[in-house]
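Chemist: got a predicted structure plus its sequence, pasted below:
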Number of protein chains: 2
Amino acid sequence: MATNQEHVKLLGATGSPFVCRVQIALKLKGIEYEFLEENLATKSELLLKYNPVHKKVPVFVHNDKPISESLVILEYIDEVWKQNPILPTDPHQRALARFWSKFIDDKIVSASSKSVFTLDEKEREKNVEETTEALQFLQNELKGNIWIPLVQDIIGLQLFTAEKFPKLYNWSQEFLDHPVVKETIPPREPLFAFFKGRYESLLAASK
Amino acid sequence: MATNQEHVKLLGATGSPFVCRVQIALKLKGIEYEFLEENLATKSELLLKYNPVHKKVPVFVHNDKPISESLVILEYIDEVWKQNPILPTDPHQRALARFWSKFIDDKIVSASSKSVFTLDEKEREKNVEETTEALQFLQNELKGNIWIPLVQDIIGLQLFTAEKFPKLYNWSQEFLDHPVVKETIPPREPLFAFFKGRYESLLAASK
């Protein structure tokens, strides 16, 4: 149970959809927290201490106890702060939500990221195919991933469009229009610059 | 909540540690169920209907509602049948359990399986290294994976031994000695034959 004496910190990096997920949950629950911006090129002592296994953000720290892995953090937040539940109440609906969250992380985030951050055209093609197939499953379930439209713009890929995935596209627009989401996700321009930079260093490194 | 009119089925395949996980949970909770053995070479209509996304076992079916992904199934079972809880009660302890379960699946199951089921020595070496590093983290957390001793015997790999990982090894022996686990996991010999067969088909296919 959450008490009145809360000390909540989030180690994160602007531009990470995994961090943003946690920020949306915190905002939704009305939890105040301290945001510690990590520089992922150097990685702070605190990050290495709190997440020695993966050395990645987000790390959520509640009364000095660290938790890593964004979906694990979301479950924790939902269990400790009961207001505005994230997961549905019905156990089968909860199972479906967990199944699709895992699906998005395992099948879409990874493949769509690989389809952008590669210079190998064959690998890109393979990952575009995998992403498209995965999005098709998701389209039937009406969920979405808001980072995809952004990263595909970087290299002019057309993975996720209103034409190809109308229901999914509408869902993602509604998601982006939600006041909590609107307030929380970083504005498009710096995010675009950030990912564009990552892609360009990849290009430069190959020359 | 579980009612008196339960209809519980499990689509599985003997030899799959992911299926066995669910069987151990069901046994622990004292839940009666019907086991439907799948032939993974052909895959039944039922499997394709219940898990069209991954087409994999285990699929847990409760009153005609299917759930896939073994960890998602475990959470569901623990939520619906409250007796003999699987996850701890404390939210931070629950988060740690979820973190390490994900770690085992992402880092150990995949790498240890790749270190066995490959004919490429370089890839094997890389995966042995990754598994060893992951086991080292786990050793510090005192958890284990009982399938590793078995699969490593198939090709004579020494990934997981009492010498290298004493605490982890002891933990896994205690786990295997638990009466529920003892009753549930398949006997070593057929399991060994099954994995040995998989490895030998891989060898044969390469000639």
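Modeler: Right, received. Where do you want to start?

Chemist: any buried residues in stretch A:69-78, and which?
Modeler: Within stretch A:69-78, the residues that count as buried by 16 or more other C-beta atoms under 10 Å in any protein chain shown are A:69-78. Backbone N, C-alpha and C define where each C-beta goes, glycine included.

Chemist: okay, now the unreliable bits of chain A?
Modeler: Within chain A, the stretches with pLDDT under 70 are A:1-5, A:116, A:140-160, A:207.

Chemist: for it, what lies in contact range of chain B?
Modeler: Residues of chain A lying close to chain B by C-beta under 8 Å from any C-beta of the partner chain are A:52-53, A:62, A:65, A:67-69, A:71-73, A:75-76, A:79-80, A:91-92, A:94-96, A:98-99, A:102-103, A:137.

Chemist: how about the helices in chain A?
Modeler: Per DSSP state H, chain A carries helices over the ranges A:17-29, A:45-50, A:70-80, A:91-103, A:110-116, A:121-139, A:147-155, A:166-177, A:179-184, A:188-205.

Chemist: format those as a markdown table; extra columns: distance to residue B:110.
Modeler: Listed next are the helices of chain A as a markdown table, based on distance: least, C-beta to C-beta, whole Å:
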| stretch | distance to residue B:110 |
| --- | --- |
| helix A:17-29 | 20 |
| helix A:45-50 | 24 |
| helix A:70-80 | 18 |
| helix A:91-103 | 14 |
| helix A:110-116 | 13 |
| helix A:121-139 | 17 |
| helix A:147-155 | 24 |
| helix A:166-177 | 29 |
| helix A:179-184 | 33 |
| helix A:188-205 | 25 |
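
Chemist: check contacts around the closest residue to residue A:58 other than its chain neighbours.
Modeler: Spatial nearest neighbour of residue A:58, excluding adjacent residues (C-beta to C-beta, 6 or more residues apart in numbering or on different chains): residue A:19 at 4.4 Å. When contacts are counted by C-beta atoms under 8 Å, 6 or more residues apart in numbering or on different chains, residue A:19 touches A:10, A:12-13, A:57-58, A:70.

Chemist: do residue A:136 as well
Modeler: residue A:165.

Chemist: any idea how far residue A:130 is from it?
Modeler: Remark: distance between residue A:136 and residue A:130 (C-beta to C-beta, to the nearest Å) = 11 Å.

Chemist: ditto for residue A:173
Modeler: 24 Å.

Chemist: got the domain ranges for chain A?
Modeler: According to automatic domain parsing, chain A comprises the domains A:8-80, A:91-205.

Chemist: ok, residue A:173 and residue A:130, which is more surrounded?
Modeler: Neighbours were counted for residue A:173 and for residue A:130 using other C-beta atoms under 10 Å in any protein chain shown; residue A:130 has more, 17 against 13.

Chemist: was I right to think residue A:33 contacts residue A:8?
Modeler: Yes - counting by C-beta atoms under 8 Å, residue A:33 touches residue A:8, with 4.0 Å between them.

Chemist: what touches both of those two?
Modeler: Residues touching both residue A:33 and residue A:8 (C-beta under 8 Å, 6+ apart) are residue A:26.

Chemist: who are the contact partners of residue A:40?
Modeler: Contacts of residue A:40 by C-beta under 8 Å, 6+ apart are A:13, A:57.
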